[in-house]
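# This is a predicted model, with the sequence first.
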Amino acid sequence: MKKYALLLLLTATLLASCHFRNHDIRISVNDSEEKFRFAASYPENKTGHVQQLINEQIAPNNLFSSVNDYTDVTTVLQDQTRFHIKSSPGSLQIQLNKNENDAQSYQRIKNMCEAIKETLKQ
């Protein structure tokens, strides 16, 4: 019985690791008391979709005009949401300091990052 359970566990682990290798997508979310951090690396051909989604979410602000853009900036949106974004084709990092933002701003950026995750899964 133990051999069967071990074999099943190894098979599940192998299948899970293959899934992420096939798509080359890595996502990390760290939500502490002081900071919200989101990081993703993904195939460069998904960069345009990610950038378009971010531009839509932060409108009327606009951070990207080309899929070849490299961005490393702290920005303040019209609603006073302040966050740092670092982006290059196939790579994205977003950081929000909770002490500099209210609960609405935090939720806005968190929701945007969830939407990015969903976009990358497609």
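Arrived safely. On a predicted model such as this, the values are computed, not experimentally measured, just so you know. Residues are numbered from 1 along each chain as shown.

# In the protein, what helix or strand scores lowest on average pLDDT?
Least confident element among the helices and strands of the chain, by mean pLDDT, DSSP states H and E: helix 2-23 (a mean of 44).

# Beyond that one, next helix or strand please.
strand 26-31 (DSSP states H and E).

# Please state the offset of that next one from the chain centre?
The chain centre lies 7 Å from the centre of strand 26-31; the measure is CA atoms, centre = their mean, to the nearest Å.

# so what does that strand touch, helix or strand wise?
Contacts defined by 3 or more CB pairs under 8 Å, 6 or more residues apart in numbering; DSSP states H and E place strand 26-31 against strand 35-41, helix 103-121. Quick note: C-beta positions are derived from backbone N, CA and C, even for glycine.

# Could you export the first one as PDB, CA atoms only?
Pointing back at strand 35-41 there. In PDB, the C-alpha atoms belonging to strand 35-41 read as follows (Å, rounded to 0.1, in the frame of the first residue of the first chain):
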ATOM      1  CA  LYS A  35       3.900  44.900   1.300                       C
ATOM      2  CA  PHE A  36       2.100  43.200  -1.600                       C
ATOM      3  CA  ARG A  37       4.500  41.700  -4.100                       C
ATOM      4  CA  PHE A  38       3.700  40.000  -7.400                       C
ATOM      5  CA  ALA A  39       6.300  38.500  -9.800                       C
ATOM      6  CA  ALA A  40       5.800  36.600 -13.000                       C
ATOM      7  CA  SER A  41       7.900  35.300 -15.700                       C
END
